[in-house]
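>>> Pasting a predicted model and its sequence here:
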Amino acid sequence: MQKRSLTRAVLTQDLAQLHKLFDLVDIVSTPVGPNKVKAYYNAITARTYKLLQIFRGPGLHSTLCLPAPILRNAGTSVQPLMVLEKICKSSCKSVLEIGCGQGYCTQLLAVLCPDVVFKGIDVLDQHIEVAKQCSLAKCYENTEFAVCDACTLDAFEGQTFDLIFAVEALCYLDNSQKRNDFITCASKRLNQGGYLVIIDGFRSSAFEETSPEQQMAMRIAERGFQINEMPTKSAWKSHASDLNFHMTQDLDLTAEVLPFCQQAWRVARFILNFTYLIRMAGMCSATAKKASANLLAAATTAHACRNRGAAEYGMLTLQMKN
Ligand SMILES: C[S@@+](CC[C@H](N)C(=O)[O-])C[C@H]1O[C@@H](n2cnc3c(N)ncnc32)[C@H](O)[C@@H]1O
């Protein structure tokens, strides 16, 4: 059977199929409420996390393809290994992870850099509990985790860091106020010359020029992820330059994340064939709503990333000026 590829015509077909099942106009025009992110992650059970790990590896972030396949699970290690390079190059001694989830990136780095002190924060207490239990069980003495919002950064009072990083967490700071609050706090918690590393999905800078269908795909994907509007790279750059940061690296990784998004898209397309069952499932339970959100994101993210029209993935490195 011939594999479908990502084209404008296929996107039009996919949107038509989604329209049959969901009120897309209502979905994209209804703002995501303030507690939706917590509710979304809370609804994911430990069993679902275990299942996800089998298919995409540890961590709660996307798999990046490597030039050569190493291990099945290596793809989710690419992001922390990119942070590792920064830690080694700039001889960091203290590192803070924002939105650390269940602690996978911090714990991997803590093993690789036993002389560095690692702290992790996340807004979700269930995630922090898992991270703490895992660190305790594996005796990672150089890690500490706390529940804290990125916009306040009030955990680990009085401590400063050589590097602050986030993997697929700062996309949740979906308005200018939240980003400004975060970056103001981060600038106070970084040592002079310290780094802020953001690895994430972004709204593309070409968003306004792309087709209405691709814009729609991005808006649906954002709602699926419980985000009002993902920040663009230039939004981060402008917030950062207001606060004495300068940009040292802007790396595009869209091509590396696309195979992962395409895999999810193929699975979503297959599921979308079962219109009747999806309608039946949609009528019951909050779990079905969460599954619908995942289905919407999986069905549209790859389309949004095509030619970096509406979405891109990458790494931004910002440094505090001395
Ligand atoms: C996609 S997961 C990534 C988790 C982790 N970085 C990883 O790669 O495994 C996003 C995480 O960001 C957290 N998060 C979302 N908004 C946040 C905020 N305002 N402050 C702190 N954490 C937040 C969520 O609770 C979730 O654990």
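It's in.
>>> how about the strands in this structure?
Assigned by DSSP state E, the strands in the chain fall at 94-98, 117-122, 143-147, 161-167, 190-203, 245-252, 311-320.
>>> Determine which of those approaches Q263 most closely.
Proximity to Q263 (Cβ to Cβ) singles out strand 311-320 among the strands of the chain, at 14.6 Å. From N, CA and C alone the C-beta is placed, and that goes for glycine too.
>>> Would you mind saying which of the strands of the chain lies nearest T232?
Comparing the strands of the chain by Cβ to Cβ, strand 190-203 comes nearest, at 4.8 Å.
>>> the inter-axis angle of the closest one versus strand 311-320?
Calculated by axes from the mean of the first three to the mean of the last three Cα atoms, to 10 degrees, strand 190-203 forms an angle of 170 degrees with strand 311-320.
>>> And the average pLDDT for strand 190-203 is what?
In this model, strand 190-203 has an average pLDDT of 96.
>>> i'd like the first residue to be 2 from this point on
Understood, numbering begins at 2; the last thing we discussed is strand 191-204.
>>> next one: it to chain centre, how far?
Distance, stretch centre to chain centre, for strand 191-204: 14 Å (Cα atoms, centre = their mean, to the nearest Å).
>>> list the helices and strands that strand packs on?
For strand 191-204, the packing partners by 3 or more Cβ pairs under 8 Å, 6 or more residues apart in numbering; DSSP states H and E come out as helix 79-90, strand 162-168, helix 234-243, strand 312-321.
>>> ok, back up a step: reformat the strands of the chain into TSV and put distance to the ligand and mean neighbour count next to each item.
Converted to TSV, those look like this (distance: least, Cβ to the nearest ligand atom, whole Å; neighbours: other Cβ atoms under 10 Å):
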stretch	distance to the ligand	mean neighbour count
strand 95-99	6	26
strand 118-123	5	26
strand 144-148	9	20
strand 162-168	4	25
strand 191-204	8	22
strand 246-253	17	14
strand 312-321	13	22
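>>> can I get the helices and strands packed on strand 191-204 in CSV with mean pLDDT?
Below are the helices and strands packed on strand 191-204 laid out as CSV (pLDDT from 0 to 100):
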stretch, mean pLDDT
helix 79-90, 94
strand 162-168, 98
helix 234-243, 91
strand 312-321, 96
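>>> Save those as TSV, and put in distance to A299 too.
TSV is the format used below for these (distance: least, Cβ to Cβ, whole Å):
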stretch	distance to A299
helix 79-90	20
strand 162-168	19
helix 234-243	24
strand 312-321	14
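>>> list the contacts for L12?
214-215, 218, 304, 307 (Cβ atoms under 8 Å, 6 or more residues apart in numbering).
>>> Adding pLDDT, write those residues out as CSV.
Compiled in CSV, the contacts of L12 are given as follows (pLDDT from 0 to 100):
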residue, pLDDT
E214, 96
Q215, 97
A218, 96
H304, 96
R307, 93
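>>> what residues does the stretch 102-251 of the chain put near the ligand?
102, 105-106, 123-125, 128, 150-152, 168-170, 173 (Cβ under 6 Å from any ligand atom).
>>> Helices - which of the residues you listed land there?
If you go by DSSP state H, these have 105-106, 128 in helices.
>>> which of the residues you listed tops the neighbour count?
C106 (30 neighbours; other Cβ atoms under 10 Å).
>>> any low-confidence regions in the chain?
2-4, 46-48, 56-57, 67-75, 279-291 (pLDDT under 70).
>>> If F203 is in a bridge, with which residues?
E313 (DSSP bridges).
>>> What separation do you get for E130 and L137?
11 Å (Cβ to Cβ, to the nearest Å).
>>> who has more neighbours, these two?
E130 (13 against 10).
>>> Nothing else from me, thank you.
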